[in-house]
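Peer 1: Sequence and predicted model, in that order:
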Amino acid sequence: MTNAHSDYSVQTRTKASSISSVVAVLLIVLAIALPAFASRSLIQDMFFILTMLVLAQFWNLLAGYGGLVSVGQQAFVGIGAYAMFSVVILMGFDPVPSILIAGVAALLLAIPTAFFAFRLQGAYFAIGTWVIAEVVRLLVAQWKAVGGGTGTSLPRTATREMWFTETIETLFGVRSAAARDILAYWLAVVLAVATIAGIYWLLRTKRGLGLAAVRDNIEAAKSVGVDAVRMKWTVFLVSAFGTGIAGGLIYMQKARISPDAAFSLQDWTAYVIFIVVIGGMGTIEGPILGVLVFFILQSLLADYGSWYLMALGVIGITIMLFAPRGLWGLFSDRTGIELFPVRRRLTGGPLSNTPPSSKEE
Amino acid sequence: MTVLIETRDLTARYGDFQALFGVDLTLGEGETVAIIGANGAGKTTLMRSLCGVLKNAPDSIRFEDRAIGDRPADEIMAMGIAMVPEGRKLFPSLSVEENLQIGAYGRQTGGYWSLETVYELFPVLKERRRNPGTALSGGQQQMVAIGRALMSNPRVLLCDEISLGLAPVIIKDIYKAVPKIRASGASMIVVEQDIGQAMAVADRVYCMMEGRITLSGRPGELEREAIHNAYFGAAA
Amino acid sequence: MTILALKNVSKSFGALKVTDNVSFEVPEGMALGIIGPNGAGKSTLFNLITGNIGADSGSIEFLGRDVTRTPARQRCVSGVGRSFQIPQPFSKLTVYENLLVAGTFGRDKSEAEVAHTCAIILERTELISKANAPAGGLSLLERKRLELARAMATHPRLLLLDEIAGGLTDAECQSLIETIKAIHAEGVTIIWIEHVLHALNSVVERLLVLDFGKVIGVGDPAAIMESKEVKEIYLGIEI
Amino acid sequence: QGAKIKLGYVSPQSGPLAAFAEADNFILSNFGATEVAKNFEVIVKDSQSNPNRAAEVAKELIIDDEVDMILVASTPETTNPVATTAEAEGVPVISTIAPWQPWFIGQQGNPGAPDSWQPFDYAYHFFWGLEDVISVFTAMWAQLDTNKQVGGLFPNDGDGNAWGDANVGFPPVLEKLGYGLVDPGRYQNLTDDFSAQINAFKQGNVEIVTGVPIPPDFTTFWNQAKQQGFTPKAASIGKAILFPQAVEALGDAGNNLSSEVWWSPSHPFKSSLNGLSSGEVAAAYTESTGKQWTQPIGFVHALFELATDVMGRVSDAGDGDAVAEAIAASNLQTVVGPVAFDGKGLPPFAAKNICKTPLVGGQWRLKDGGGYDLVIVDNSDQPSIPTAGTMQPIG
Amino acid sequence: MIWVETIIQGILLGGLYALFAAGLSLVFGIMRLVNLAHGDLIVLGAYLILLLVTLTGLSPFVAAAVAMPFMFALGYGLQKFMLNRVLGDDILPPLLVTFGLSVVLQNALLEGFSADSQRIQSGPLSTASIEVAGLNLGVMPLLTFASALAVIIGLNQLFYRTSLGRAFRATSDDPTTASLMGIKPAGIFAKATGIAMIIVTIAALYLGMRSNFDPSIGPARLIYAFEAVIIGGLGSLWGTLAGGVIIGVAQTVGAAINPEWQILAGHMAFLIVLLVRPRGLFPRAVD
Ligand SMILES: Nc1ncnc2c1ncn2[C@@H]1O[C@H](COP(=O)(O)OP(=O)(O)OP(=O)(O)O)[C@@H](O)[C@H]1O
Ligand SMILES: Nc1ncnc2c1ncn2[C@@H]1O[C@H](COP(=O)(O)OP(=O)(O)OP(=O)(O)O)[C@@H](O)[C@H]1O
Ligand SMILES: CC(C)C[C@H](N)C(=O)O
Ligand SMILES: [Mg+2]
Ligand SMILES: [Mg+2]
């Protein structure tokens, strides 16, 4: 082997990713301007899509990148929502800033949860987080000041006088209920963009590499200097915080809460897992695609009651059986397209004669 | 000599990557054949094909004139082809004795090999029979893996690198057992890095390189240089 | 100066005493070989030195500091690099990314700072052609090379190698020996567990023999190999 | 005549509470068969017994379907999210089949602070209240000779918290009437063991059991009670034994269990839609489905009666404020009795939005050929509804 | 005395949970399959028994025996044609598939049997009791516990005394190597799920006789079953029984203090056991 070290360089960007970053900027601008010309029902659909997307991205961060398959994310949605409701109802805060408190509450809950759950592995971790979420639900159901097991609604004075709503009312000439929707939607846009950008940034830093290493083989990761414990803590806390914020925002828009709804395993974890897995786990594109598929299925079939749910189940099973890496996995395996590439590709030296995307013969 | 196993134009791939290119090999009744070759040559891949872990074209592998290339491992084992896999692969939740017993799960034909005869071959295993298989040292585990394969009284025993990572003393012990195994009537294919060992036990030797068989013959007739070339691809 | 010192280190798995009151010192810059029968506790000793498992009693000093309770990753950052006997690649990452992880975290550097070094290590370990391939698809020996490469990428002062020569052909073995000699020549202290004795003996300056978790001999390789005990329990030569 | 008036209807058609909506199809097709129905388009949505879903479908009705009014029925889990959403959107909503306290108080921000409670502008509700069920139950118990020791089975859910509430629920009234209450505390739904409650009841010498468990919990409780040798003289239970199937599930052990009766074939009322009497409506149901009548039939039917009546009194169905005003001004004789939001029998804070309907008490009696009949045994609050027997002790 | 009674009731309740959990423990232990549809399969079994009882007038116990071969076949097919395809190192694909199955089962049962609560009638047995040392113990809970015990003993015999049992354990360790022993992993897994479904049928019998059920009731029981399996230790059947009893006793004792704490107490017991022993009470050496 010669020692004529040729120049190596590392690439992560691909052609598709350069195009997609331009498209992303355009999409964001469009999303912000949307309320000016879209119907209210579109705005609400978008709100649903964006908030589910946020939940899905954070769950994906945990499970797809952190290897932490949590079945208890509803704990953070619920605690966030309840924290938001409680400061509004009991302390008279405005709902908009209270959304941040929702995130903080989820973060605080995540600390003891992590202390406990990180002792567990694999399926034990999954069931452990589920039980913790149940415990939190049962405890919140004992909290009489916010309605106990019955639940409660946001006071109408609080929703009517919410920050920015008046400005939006005059800006678009809409009624206050519609203005609240627009406000919630904008907040969801901000949250979704920040989530995706934040996660993408994280994966492109060396922490992203460390995360992947820990997920693949934790003993080996420790032996090359990766602080596995800190990695896990970081993703767990970040996910909890983001999930809590999403919870606060979702329930600000719903304006009514009960423990069974806010801590619903089905709505806030099972469907979210469904979205991520259908779309493709361990990619940023997967949850985006997954949430769109989920939304389309829901709008097409939701009126068929139990048949809708059966269809959802069957589709989930089918995708798992025939496209285990999700729809995005299926697509990018065929085309090699990645919109958010994180792979560090070494080029140059003896590698320069083989173009990066060509397959070995 | 009757032919037991014969491969014809055997190819194997992992996804896009082709690991075997048209391998032709025969194993006769009562024979011991050694396969040597550099790492990554495809020896393990060949063994995995023979024992059915990797699927191939039906006709590319024949056993007693039956096409078995596409049969699953359990069926092949029932026909009498047993494998000592690379890396021992004992069952951690089974005791030593249970590990041995399960070797006969798919083929209870009776024959020379039984718990008693295996314990006779490897007396140390009898002492440790109640231990979990994985609480043994590497060499003892290798003995269990061999004994386990013998328990089915196989017609053909496939051994993949049974000396890898073993202390010299253990390697000696294990190779001492080979004549006894042959005496019980089993034919063997042995994959081995240690050319010396391979030459010592084998009736015939195949040499592999980059997925192809580049040389074959009887140990006494092969020259060192030819083997070297077969390994590294210099013009033969 | 002494780079590594073990004092009365013991470790049991249940009733099985795997490391029994082991003490020894390694001066900086030495190449030490470890031999012993299978199950003697060699790999366990490595795990104790790297911190992958904790000692039951005794103390371990690295570079003069007590690291007995220091977690594995910190020991790595302070200069302990290792390979695993059973290779443990990050199988979904590419070979190059495997090294990047080791380079960035093991040395606490940025990706840009280590990018080139990692590429050079791949060249030295003859893995460069597989740089962008997922590590999960490597053959056993490629995985072993990756173990070595990844350990090198952490830029260790003490390099622990666990059976990396097994299953190599003569020529491959020779080239591995050259690589290890070169690393050693750069001043890295090496401890090497190996059953392929001719490879081991062409590199190491001292040999340590382990049996049933106990050190039963340390010294000049030639002398050790001649000792009655080693012949009996390890080589299987009856006298 | 221009576009049709759009009504949205939400109920739990699937999920654990689906029994409440079992008669929906029958009622909707009955409504569809009337002359006035030609002016209406009814959009039906399923809450899947899930409060999140209920709020979502309410939004869909308002925003996508642009309905003029929403009708919602059956349990606070469905009525409350729908009513809250409609109120926030300024769309009129009429609700039923949930005692008024969990409906009204449950929608307040802080249920614990009565001075913060506010009436609604668009949400209206007709059903009975806890004071009625308490009065009916105690009247039934008064027919028996007991030691007046009552055991309470109140779960931690919308109904249970309201029934067991120390201010508006059973405890203060029972105390006033000289009953002793053993209330071990709010348990979670789908509990598998009631030994604790049974022990507490035994120790408290309880002879009467009351509460609002869900059906499986009551069955568990009742079997365990018998196994552990606890046999009260009366068991007056809300919710769990509403439906005949649930009582049949108890085997013979369901005989003489008592429950409140909000509607029955013997209620002396007529539908304003098709003129059928209660008995005729129930008979038609049995004829078309082969099933025994259930109580929600009358109330869901009445929901559509009220909707037709209200819309008949407004000129512009799309004017939510006008519709809300018309609801408030209702005064209609329905198949469940008179409905008028005149505040009769209600505290001032609830007077604007709620109308109470009559309530009597009944007992399930084993029929000769198997199955159960619900026999009205107490009508002290509503003498116009005839009784068909008197209260009998269990045992 | 009250406390003695509370604890005995808790132990009997634990028998019920262990019965719910035993089938789960089997598939979890052998295949690492987190079967989220387990509760719904129990409900399905209950409907099958109910159907047999109403159609043929058989006693529920006989009906359950008749149902067993059907349930075995269902489990066998389910595993062979569906679940086998998603087994692997990753616990997520099977988790998702069984979640999908759970949703499908619940809604199919809803379409087929409506949401009405049902119950398998067992006549006077459901309220019968016997007096032991001044305590009234229900015959049904005693039978439940006895069945749980019998199931655990039976499974233990099967697991540790037969060659099928060895094959189960070997396959659970390493399916590929097991196939080299002549074991058909797909077939073994299918048999295991089939056997699990026989246990599911027994659980269904008691679920259906002791209380009402409807299509939606499965998942609520699932969490206790999982808790029992996990605090018992993966693959340990006695552990599963112990786990069930711990949760049962925690619940009754919690309820005796205050019914608000009943379910919470069960969960807390689970968390505390795991806090002290993260791999359960009787963990396997390797997993
Ligand atoms: N699962 C796999 N996926 C992709 N490629 C593989 C896989 N297993 C082996 N290979 C490739 O196939 C080739 C042959 O591998 P094989 O394991 O058969 O070699 P071998 O001769 O047994 O080598 P060794 O001496 O290292 O055991 C190697 O290049 C290896 O990289
Ligand atoms: N995690 C563990 N739990 C229980 N026993 C273990 C564990 N790890 C190792 N052992 C046992 O400890 C002993 C020493 O193992 P170790 O791997 O250190 O041996 P070794 O000297 O490296 O052997 P070899 O040369 O075969 O690699 C063996 O008997 C082994 O079975
Ligand atoms: C939801 C309600 C209508 C049930 C009511 N609490 C009753 O017992 O009848
Ligand atoms: Mg090999
Ligand atoms: Mg070792």
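Peer 2: Looks like it came in fine. Ligands and ions are numbered 1, 2, ... in the order given.

Peer 1: contacts and neighbour counts: CA atoms only from here.
Peer 2: OK.

Peer 1: Strands along the chain, start to end?
Peer 2: Defaulting to chain A. Counting by DSSP state E, chain A has strands at residues A:8-11, A:152-153, A:256-257, A:345-348.

Peer 1: Sorry, I should have been clearer: chain E.
Peer 2: Counting by DSSP E, chain E has strands at residues E:129-132, E:135-138.

Peer 1: among those, which is nearest A:Leu297?
Peer 2: Go through the strands of chain E one by one with Cα to Cα and the one that ends up closest to A:Leu297 is strand E:135-138, at 48.8 Å.

Peer 1: Off-centre distance for the closest one?
Peer 2: Distance, stretch centre to chain centre, for strand E:135-138: 24 Å (Cα atoms, centre = their mean, to the nearest Å).

Peer 1: residues in contact with that strand?
Peer 2: Contact with strand E:135-138 is made by D:Gln224, D:Gln227, D:Gln228, D:Gly229, E:Glu5, E:Thr127, E:Ala128, E:Ser129, E:Ile130, E:Glu131, as judged by Cα atoms under 8 Å, 6 or more residues apart in numbering or on different chains.

Peer 1: List just the nearest of those residues to ligand 3.
Peer 2: Closest approach to ligand 3 among these (Cα to the nearest ligand atom): D:Gln224, at 21.9 Å.

Peer 1: could you measure the closest one against ligand 2, distance?
Peer 2: Distance, D:Gln224 to ligand 2, using Cα to the nearest ligand atom, to the nearest Å: 48 Å.

Peer 1: Then C:Ala102?
Peer 2: 24 Å.

Peer 1: re earlier: which one of the strands of chain E has the most crowded surroundings?
Peer 2: strand E:135-138 (a mean of 20; mean count of other Cα atoms under 10 Å in any protein chain shown).

Peer 1: Alpha carbons of that one, in CSV - could you do that?
Peer 2: Below are the C-alpha coordinates for strand E:135-138, written out as CSV (Å, rounded to 0.1, in the frame of the first residue of the first chain):
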residue,chain,number,x,y,z
LEU,E,135,-63.1,-16.4,55.7
ASN,E,136,-65.6,-16.5,52.8
LEU,E,137,-63.6,-17.4,49.7
GLY,E,138,-65.3,-17.3,46.4
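
Peer 1: Return the list of strands paired to that strand, each annotated with direction.
Peer 2: The pairing partners recorded for strand E:135-138 under DSSP bridges are strand E:129-132 (antiparallel).

Peer 1: tell me the mean pLDDT for the strand it pairs with?
Peer 2: The average pLDDT within strand E:129-132 is 88.

Peer 1: roughly how far out does that strand sit from the chain middle?
Peer 2: With Cα atoms, centre = their mean as the basis, strand E:129-132 stands 27 Å off its chain's centre.

Peer 1: And for stretch C:122-135?
Peer 2: 20 Å.

Peer 1: again with stretch D:333-341
Peer 2: 15 Å.

Peer 1: Between the two ends of that stretch, how far is it?
Peer 2: Terminal residues of stretch D:333-341 are spaced 13 Å apart (Cα to Cα, to the nearest Å).

Peer 1: now do stretch D:207-219
Peer 2: 18 Å.

Peer 1: Can you classify D:Ile385 as helix, strand or coil?
Peer 2: Three-state call for D:Ile385 (DSSP: H, G, I helix; E, B strand; the rest coil): coil.
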